[in-house]
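>>> Need coordinates for the following:
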Amino acid sequence: MNILKVLLTAVLVVGFILPGCNDDGCDCRGTKKYFDIESISAGVGEQSGVDGSAAYQWQDFRGQIAYQTSFYGDLQLENSKSFFNDFSLIPTASACSCPPDGYRGGEEGIDSLIITTVYDYNANFLAGTNLAAITEVSFEGDNFEMVQEFLIRNRDAIFEQQHIYRFLQAPDVSNIPFQLKLRMVLNNGEVHEATTEEIVMSL
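Numbering: from 1, shown residues only. The predicted structure follows:
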């Protein structure tokens with residue numbers, strides 16, 4: 001009886017250890033490895049389409065650069081499945097998962113990013129000037145870096161499909177109209193431009 005208990009316990013343990021399939025055995029054919037930027041959009045707030053009548057405290061302002069993309073580069077199943085990849089006494093839904101399309105980023109890089117204010121922002125940055133010197137860029141709103149550092153990191157390839165940006169200086173006057181024009185030049189010569197909706201910036 002004790003031997004039977006030991007055998008049953010061993011079988012259950014093996015069932016837990018052996019996954020239904022693993023990362024090497026997942027059939028993810030059809031997943032696209034890379035994305036190609038076709039255009040950009042410039043949102044206000046963490047999502048596009050924010051009500052233009054809303055006022056933003058300058059320190060809370062977050063702008064969004066989103067890339068409209070197409071995907072390419074089919075992922076091939078490089079490792080064939082073995083018996084142990086397929087065998088599992090206790091199947092696990094999360095054991096086998098495929099990466100999202102574009103998970104390896106874009107093979108094109110960014111040569112320049114110009115963020116121009118449409119209206120006077122403060123005495124140092126009047127209408128028509130580039131705000132890059134006081135702009136930090138991030139992926140998903142954390143680990144911000146200056147625009148120049150962002151460009152260096154993305155010079156050869158773009159790794160994310162959207163970016164968030166914020167400012168390091170306040171406007172001179174509260175409740176001023178605020179709008180930006182963005183111009184991004186890729187290292188393959190493509191030029192993409194977008195304009196944010198107009199909002200009110202407050203101190």
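>>> Quick one: neighbours of the closest residue in space to Asp36 that isn't next to it in sequence, just the number.
Counting by CB to CB, 6 or more residues apart in numbering, Ser70 is the residue found nearest to Asp36 once chain neighbours are left out, at 5.1 Å. Heads up, the C-betas are built off the backbone N, CA and C, glycines and all. By other CB atoms under 10 Å, the residues close to Ser70 number 12.
>>> just Leu126 next, same as before
Around Leu126 there are 11 residues (other CB under 10 Å).
>>> Just give me how far stretch 112-123 sits from the chain centre.
Here the centre of stretch 112-123 is set off from its chain's centre by 24 Å, with CA atoms, centre = their mean, to the nearest Å.
>>> List the buried residues of it.
Leu113, Ile115, Thr116, Thr117, Asp120, Tyr121, Asn122 (16 or more other CB atoms under 10 Å).
>>> ok, so of those residues, who is nearest Pro100?
Of all these, Pro100 sits closest to Leu113, with 24.5 Å by CB to CB.
>>> what helices or strands is whatever helix or strand that closest one lives in leaning on?
Here Leu113, judged by DSSP states H and E, is contained in strand 110-117. If contacts are counted by 3 or more CB pairs under 8 Å, 6 or more residues apart in numbering; DSSP states H and E, strand 110-117 sits against helix 147-153, strand 180-186.
>>> Could you list the buried residues of stretch 28-40?
So for stretch 28-40, counting by 16+ other CB under 10 Å, buried means Thr31, Lys32, Lys33, Tyr34, Phe35, Asp36, Ile37, Ile40.
>>> Is it possible to get TSV of those residues that adds distance to Pro100, pLDDT and secondary structure?
Shown next, in TSV, are the buried residues of stretch 28-40 (distance: CB to CB, whole Å; pLDDT from 0 to 100; DSSP: H, G, I helix; E, B strand; the rest coil):
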residue	distance to Pro100	pLDDT	secondary structure
Thr31	8	90	coil
Lys32	9	89	strand
Lys33	10	90	strand
Tyr34	12	91	strand
Phe35	10	91	strand
Asp36	15	92	strand
Ile37	16	93	strand
Ile40	20	94	strand
